[in-house]
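Trainee: sequence plus the predicted model coming up.
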There are 2 protein chains.
Amino acid sequence: MPSLAAAPTAVSAPRYRNFVLYGYWRSSSSWRVRVALNAKGIDYESRAVNLLQGAQKGDEHAARNAMEQVPVLEFEDALGTPFRLTQSVAIMDFLEAAFPSGTGTLLPSNPVHLGMTKEYTEMINSGIQPLQNLSTFRKIDADAGTEGVGRKFAADAIRNGLAALERLVLSRGGVGEGFLVGPVPTLADACLVPQLFNARRFEVDLEATCPELLKVEARCKAHPWFISAEPDRQPDAVSA
Amino acid sequence: MPSLAAAPTAVSAPRYRNFVLYGYWRSSSSWRVRVALNAKGIDYESRAVNLLQGAQKGDEHAARNAMEQVPVLEFEDALGTPFRLTQSVAIMDFLEAAFPSGTGTLLPSNPVHLGMTKEYTEMINSGIQPLQNLSTFRKIDADAGTEGVGRKFAADAIRNGLAALERLVLSRGGVGEGFLVGPVPTLADACLVPQLFNARRFEVDLEATCPELLKVEARCKAHPWFISAEPDRQPDAVSA
């Protein structure tokens, strides 16, 4: 029978390891996952997939992600078996489940607070982001046969979605001195910050649309989980 | 000091109660939540919001859901405080957290299996559904100034998304005799079944696109969580 003294080593051995994140510096979904990896204190290798050059459609990346998108997280389990996961929210939920006692947590344990966190997350993740990404608005332009239709559609989706999120947050009393759900950032904040960045690229008037959300963004910008996740700090960043 | 004999009553008192689901019989997101409520064995009152008549845009419903969508789940906590939650995946995650020991569970506890469940869920919830719902394809038609552009866009999104999901599931060895992730239905299956229903409305050739996913659908159709959640069995169902 092993001595009890051996137990701590076994317990502290990582159950999952050798993380590789395939992403793109300016991809909002990649950005979310970088925040989550930081929150969990996980070291990872970053590999760039150049979306503007269409690298996501190449055979190599399509084999990693059937949707031809970023991010993709690769890792190994304790036995060295490789695994690959796509979809930013799924990756963040996996990280939370795999490392519940990481340096931080992005999901509140109270069920109602968890529900609110996921509600805000999905208002962005399924309510806004898919309607404004590059492949969506390019396809709308192609289907409509008119340049610019897709970009207008995207900008409207961002403005309407952020306005709805602003109304909901205010209906619950606003954010006070905190983040979207309480005094520490959650998965919802990890989705908000990249979405606001995209909103500016589509020239949405954020001061008019969502002043309460901008308070949250300012607090996130100063938070360590967010600072090193900024697009400009990624190895594949290109100066504008 | 209370006697230990009193403990079981306190433990079995519901922490959340008086559930009301605002939905629409044919809404795929409402359908998902009905499956989840069934999986948890939760009694609820069903209230219809007629999307075809635009009831979701009325003041009454807009106050319930800032995105002017269904579903909305209303409930009270143990002290009788009312609460309201939107976004189907957020509602399902809330139910799982609030009733971990319900009659069934829609989320596997193994982190990798959880990640796969959420990956399939989000491939549908954010990768397909937002690109094919009524408000999206109507707005694309309006922006493009041409009837039918939105419908083609929606059908393409469903076909491409389901084809990607089929490839991913097959790359992991297929579903065997089970559901999308193992021998019991998960949140991913609750999203798949309504999406396949919508695919038929858009005349997507499912036999050609995703034969493996159709096996899962057939098993779900015979499962008790799914049977009473069918659109045709809802009080507001209209015969086609």
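Mentor: Perfect, I can see it now.

Trainee: mean confidence score for the helix ranked longest in chain A?
Mentor: Longest helix of chain A, by residue count under DSSP state H: helix A:149-171. With pLDDT averaged residue by residue, helix A:149-171 scores 95.

Trainee: mind listing what's buried in that helix?
Mentor: Within helix A:149-171, the residues scored as buried using 16 or more other CB atoms under 10 Å in any protein chain shown are A:149-151, A:153-169. Using the backbone N, CA and C atoms, a C-beta is placed for each residue, glycine as well.

Trainee: ok, then the element right after that helix?
Mentor: Sequence order places helix A:187-201 as the next helix or strand after helix A:149-171, per DSSP states H and E.

Trainee: from the chain's centre, how far out does stretch A:207-221 sit?
Mentor: How far stretch A:207-221 lies from its chain's middle: 17 Å, per CA atoms, centre = their mean, to the nearest Å.

Trainee: which residues are in contact with that stretch?
Mentor: Stretch A:207-221 is contacted from outside by A:159, A:162-163, A:165-166, A:169-170, A:174-175, A:178-180, A:185, A:189, A:192-193, A:196, A:199, A:206, A:226-227, using CB atoms under 8 Å, 6 or more residues apart in numbering or on different chains.

Trainee: tell me how far the host helix or strand of A:Ile91 lies from the chain's centre.
Mentor: Per DSSP H and E, A:Ile91 falls inside helix A:88-98. Centroid displacement of helix A:88-98 relative to its chain, using CA atoms, centre = their mean, is 10 Å.

Trainee: give the other helices and strands that it contacts.
Mentor: If you count contacts as 3 or more CB pairs under 8 Å, 6 or more residues apart in numbering or on different chains; DSSP states H and E, helix A:88-98 packs onto helix A:28-39, helix A:111-125, helix A:187-201, helix B:111-125.

Trainee: ok, which of those helices comes nearest B:Pro82?
Mentor: Nearest to B:Pro82 among the helices and strands packed on helix A:88-98 is helix A:111-125 (11.3 Å), distances taken as CB to CB.

Trainee: by contact count, what packs against the closest one?
Mentor: helix A:88-98, helix A:149-171, helix A:187-201, strand B:82-86, helix B:88-98, helix B:111-125.

Trainee: kindly recompute the last result at 7 Å.
Mentor: The helices and strands touching helix A:111-125, judged by 3 or more CB pairs under 7 Å, 6 or more residues apart in numbering or on different chains; DSSP states H and E, are helix A:149-171, helix A:187-201, strand B:82-86, helix B:88-98.

Trainee: want to throw the ones you listed into TSV with distance to A:Ala98?
Mentor: Below are the helices and strands packed on helix A:111-125 laid out as TSV (distance: least, CB to CB, whole Å):
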stretch	distance to A:Ala98
helix A:149-171	28
helix A:187-201	15
strand B:82-86	26
helix B:88-98	17
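
Trainee: B:Gln56: which of those is closest?
Mentor: It's strand B:82-86; of the helices and strands packed on helix A:111-125, that one is closest to B:Gln56 (CB to CB) at 11.2 Å.
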